[in-house]
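Participant: Any chance you could fold what I've pasted below:
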Amino acid sequence: MENRSEVEILIVEDNPHDAEMALRALKKNKLTNNVLVVHDGEEALDFVFARGKFASRQKSQRPKIILLDLKLPKIDGLEVLKEIKSNPETKVIPVIMLTSSKEESDLVKSYELGVNSYIVKPVDFDKFVEAIREIGFYWLLLNQQKI
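Facilitator: Below is the predicted model of the structure:
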């Protein structure tokens with residue numbers, strides 16, 4: 001993907017297998033236009049706030065949704081969520097926690113920090129494809145967002 005200013009879906013996932021599975025699920029559901037995968041929390045925040053290697057990106061062109069893993073290197077998903085939701089310019093971006101964690105404390109903390117949805121990754125690929133289809137359909141097509 002060349003034009004990072006037009007990213008619609010930002011996937012923040014450090015596990016290459018899970019990232020590939022998410023991309024395959026999006027492709028199977030015809031939702032792969034303008035997807036960017038970043039591999040740690042620091043890279044995610046650099047993209048969202050147009051800094052570091054993303055400094056030339058138009059900060060005003062936000063992703064339509066962020067699929068965020070919880071357990072990430074450098075900066076974990078909860079800290080990424082906290083920074084996004086505490087900034088007036090980025091707090092409107094829907095953030096979907098897409099994680100393997102079923103821990104009640106992770107779920108509670110995510111909602112306290114403003115996550116829009118918390119989804120435990122299904123192990124089965126077909127169920128994962130269905131979950132991604134529903135995420136994409138709702139957040140990209142049905143949900144009305146502030147521009």
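
Participant: Going by neighbour count, which residues in stretch 118-135 are buried?
Facilitator: Across stretch 118-135, burial judged by 16 or more other Cβ atoms under 10 Å covers 118, 119, 121, 128, 129, 131, 132, 133, 135. (C-beta placed from N, C-alpha, C; glycine too.)

Participant: Nearest to residue 21 among those residues?
Facilitator: Within those, the smallest distance to residue 21 is 6.0 Å, found for residue 128 (Cβ to Cβ).

Participant: a helix runs through residue 83, doesn't it?
Facilitator: Yes: Residue 83: assigned to a helix according to DSSP: H, G, I helix; E, B strand; the rest coil.

Participant: Could you list which of the buried residues of stretch 118-135 belong to helices?
Facilitator: If you go by DSSP state H, the buried residues of stretch 118-135 have 128, 129, 131, 132, 133, 135 in helices.

Participant: ok, how many other residues are close to residue 77?
Facilitator: The number of residues packed near residue 77 is 26, by other Cβ atoms under 10 Å.

Participant: pretty sure residue 132 contacts residue 25?
Facilitator: Yes: applying Cβ atoms under 8 Å as the test, residue 132 and residue 25 come out as touching, 3.7 Å apart.

Participant: Identify the residues contacting the element among helices and strands of the chain having the smallest mean pLDDT?
Facilitator: Every helix and strand of the chain was ranked by mean pLDDT, DSSP states H and E. The lowest is helix 125-136, at a mean of 78. Helix 125-136 has contacts (Cβ atoms under 8 Å, 6 or more residues apart in numbering) with 9, 21-22, 24-26, 28-29, 31, 65, 67, 96, 98, 117, 119, 121-122.

Participant: do stretch 48-60 as well
Facilitator: With Cβ under 8 Å, 6+ apart as the test, stretch 48-60 has contacts from 4-5, 10, 42-43, 45-47, 62-63, 66, 83-84, 87, 89-90, 93.

Participant: could you flag which of those residues are buried?
Facilitator: Applying 16+ other Cβ under 10 Å to the contacts of stretch 48-60 flags 4, 10, 42-43, 45-47, 62-63, 66, 83-84, 90, 93 as buried.
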